[in-house]
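# I'll drop the sequence and a predicted model, then ask my questions.
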Amino acid sequence: MQNNEIKIGFVTVSDRASRGEYEDLGGPAMQEWIGKALANPWTAVATVIEDEQALIESTLKDMVDNQGCSLILTTGGTGPAKRDVTPEATETVCDKILDGFAEQMRAVSLQYVPTAILSRQIAGTRGSCLIINLPGKPSAIAECLEAVFPAVPYCIDLIEGAYLQTNDEFVKGFRPKHAKKPSA
């Protein structure tokens, strides 16, 4: 049964931002982008946490299993540094990994910076939720979301999450012609 309440999780993974030493720019950038992208009302479930794998895992699990998020976007912790463990945590909590999201995000990012090949961001599903790891820089967040978001609403349909309607003037979600909007 499709979930009609739309909750979207936003997780900033940053040691410095979690301690207040650095302003979280990624979390607000993700929320602003989603605010422009979605036509239907939604509720944000947002947090800033340290680069600790167990904490990332428990946060993602809580957002899906207890708070009912249909989409979770993370920012930070996707590079090659020793403390970057967001992809490992995401993979651990996911039922399925969707490689196409990461492939597309890296391909788009490579148009802007050669260091995009260092990004290890992934995406996957847990229950009725899609989890996408994004880069930390606000401009890169926007570039990656623009590249993959057309597939997000239909992906969430397929896993029986909330029905996301896009603001087609900002980003157009793709659904096959046979896909039907759930009855109210």
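Ah, there it is. Residues are numbered from 1 along each chain as shown.
# Apart from its neighbours in sequence, what residue is nearest R106?
A116 (5.4 Å; Cβ to Cβ, 6 or more residues apart in numbering). All C-beta spots, glycine's among them, are computed from the backbone N, C-alpha and C.
# How many residues are close by the closest residue to Y22 other than its chain neighbours?
The shortest distance from Y22 to any non-neighbouring residue, by Cβ to Cβ, 6+ apart, is to R16 (3.7 Å). When neighbours are counted by other Cβ atoms under 10 Å, R16 registers 14.
# In the helix or strand harbouring R16, which of the residues would be classed as buried?
Using DSSP states H and E, R16 maps to helix 15-18. Buried positions in helix 15-18, judged by neighbour count with 16 or more other Cβ atoms under 10 Å: 17-18.
# now the helix or strand following it: mean pLDDT?
Downstream of helix 15-18, the first helix or strand assigned by DSSP H and E is helix 26-37. Regarding helix 26-37, the rounded mean pLDDT is 98.
# what residues does helix 26-37 touch?
For helix 26-37, the external contacting residues (Cβ atoms under 8 Å, 6 or more residues apart in numbering) are 8, 10-12, 14, 42, 44, 46, 48, 73, 75-76, 134, 136-138, 141-142, 145, 149, 166-167, 170-171.
# what about the residue nearest to R106, neighbour count?
Using other Cβ under 10 Å, A116 is surrounded by 19 other residues.
# State the phi and psi torsions of it.
phi -60, psi -20 (degrees, to the nearest 10).
# got a list of what it touches?
106, 109-110.
# Let's see if you can find the most crowded of these.
S109 (22 neighbours).
# Show the low-confidence segments of this structure, by residue range.
For the chain, the stretches flagged by pLDDT under 70 are 1-4, 182-184.
# tell me which residues in the host helix or strand of E57 are buried?
Per DSSP H and E, E57 falls inside helix 53-61. For helix 53-61, burial by neighbour count (16+ other Cβ under 10 Å) applies to 53, 55-57, 59-61.
# and which of those is nearest I97?
Distance to I97, by Cβ to Cβ, is smallest for L60 among those, at 13.6 Å.
# which non-adjacent residue is nearest the closest one?
Excluding its sequence neighbours, the residue lying closest to L60 (Cβ to Cβ, 6+ apart) is V93, at 4.8 Å.
# which ones are touching that neighbour?
Counting by Cβ under 8 Å, 6+ apart, V93 touches 57, 60-61, 64, 126, 131.
# and A142, how many neighbours?
Neighbours of A142 (other Cβ under 10 Å): 17.
# again but with V45, I slipped
V45 - counted by other Cβ under 10 Å - has 17 other residues nearby.
# before we move on, what about E91?
E91: 14 neighbours (other Cβ under 10 Å).
# That one and I122 touch, don't they?
Yes - assessed by Cβ atoms under 8 Å, E91 is found in contact with I122 at 6.3 Å.
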